[in-house]
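K.L.:
Fold the following.
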Amino acid sequence: LMGFAYDPQQGQICALGYEQLYTMNEDGSEARAWEIVPYDLGEGSANSNFNIGGVYSLDGAFYALAAGAVYSADQSEVEIRDFGLHALNFDEEAGTVRLELALPMDGEALVQDEGGYVYFDVPRKMIQADGKLYSVEYVTGGTRLICLDPAAGSAELLEMDDSTQSILPYKEGKLLAVINEYS
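P.N.:
Here you go, the predicted structure:
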């Protein structure tokens, strides 16, 4: 599984797999698997991919962080499509879940360029704190703290110590960083 979210208002747990989404009540009842409907990136999306980075609970609803990346033939350019938090629309009868962009974000800061070869990937293993999503990722130039603010629609990369292994929510609007020191 690639991620979990718990919504205390609904009393539900949501887990993301590679091709399915799973839901169940917090007491373990009503567990169900949902097939994720392929996402349509529209015209001109032959050289593309759509990635889901995780599921999150926000304001009493579950969302998936996802985006599409449409590449030029030589992969020197990328167009990001539909980056942000997607509402999960469940079809009980079909047993499927469709993603619908609800909170768009600007993901240009997350595009990486390695000598003319560009790529974009949706951050994974993000944590929630104070209405924002955070992740530590190794990107071109070193380790960075990724901060996504769904309310503002922004994505920001901040410098981090290259020895940072992970982060955890802490108190009073702070994050706790786990850093290895080698000797």
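K.L.:
What number of residues are in the vicinity of the closest residue to residue 182 other than its chain neighbours?
P.N.:
Spatial nearest neighbour of residue 182, excluding adjacent residues (C-beta to C-beta, 6 or more residues apart in numbering): residue 163 at 7.4 Å. For glycine as for every other residue, the C-beta is placed from the backbone atoms N, C-alpha and C. Per other C-beta atoms under 10 Å, the neighbour tally for residue 163 reads 12.
K.L.:
residues touching residue 163, list them.
P.N.:
143, 179-182 (C-beta atoms under 8 Å, 6 or more residues apart in numbering).
K.L.:
What is the nearest of the residues you listed to residue 8?
P.N.:
residue 179 (31.1 Å; C-beta to C-beta).
K.L.:
Quick check: residue 86 touching residue 67?
P.N.:
No - at 9.1 Å, residue 86 does not count as touching residue 67 under the criterion of C-beta atoms under 8 Å.
K.L.:
re the thing from before, okay if I get the contacts of residue 163 as JSON lines plus distance to residue 104 and secondary structure?
P.N.:
Converted to JSON lines, these look like this (distance: C-beta to C-beta, whole Å; DSSP: H, G, I helix; E, B strand; the rest coil):
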{"residue": "143", "distance to residue 104": "27", "secondary structure": "strand"}
{"residue": "179", "distance to residue 104": "33", "secondary structure": "strand"}
{"residue": "180", "distance to residue 104": "36", "secondary structure": "coil"}
{"residue": "181", "distance to residue 104": "39", "secondary structure": "coil"}
{"residue": "182", "distance to residue 104": "41", "secondary structure": "coil"}
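K.L.:
follow-up on the earlier one: got the confidence number for the residue nearest to residue 182?
P.N.:
With respect to pLDDT, residue 163 scores 85.
K.L.:
now residue 131
P.N.:
As predicted, residue 131 sits at a pLDDT of 85.
K.L.:
burial measure for it, as a count.
P.N.:
Neighbours of residue 131 (other C-beta under 10 Å): 11.
K.L.:
Tell me who's in contact with it.
P.N.:
58, 149-151.
K.L.:
and residue 109, backbone torsions?
P.N.:
Dihedral angles of residue 109 (phi, psi; degrees, to the nearest 10) stand at phi -70, psi -20.
K.L.:
from the contacts of residue 163, which would you call buried?
P.N.:
Applying 16 or more other C-beta atoms under 10 Å to these, the neighbour count classes residue 143 as buried.
K.L.:
in this structure, which strand has the most residues?
P.N.:
strand 78-91 (DSSP state E).
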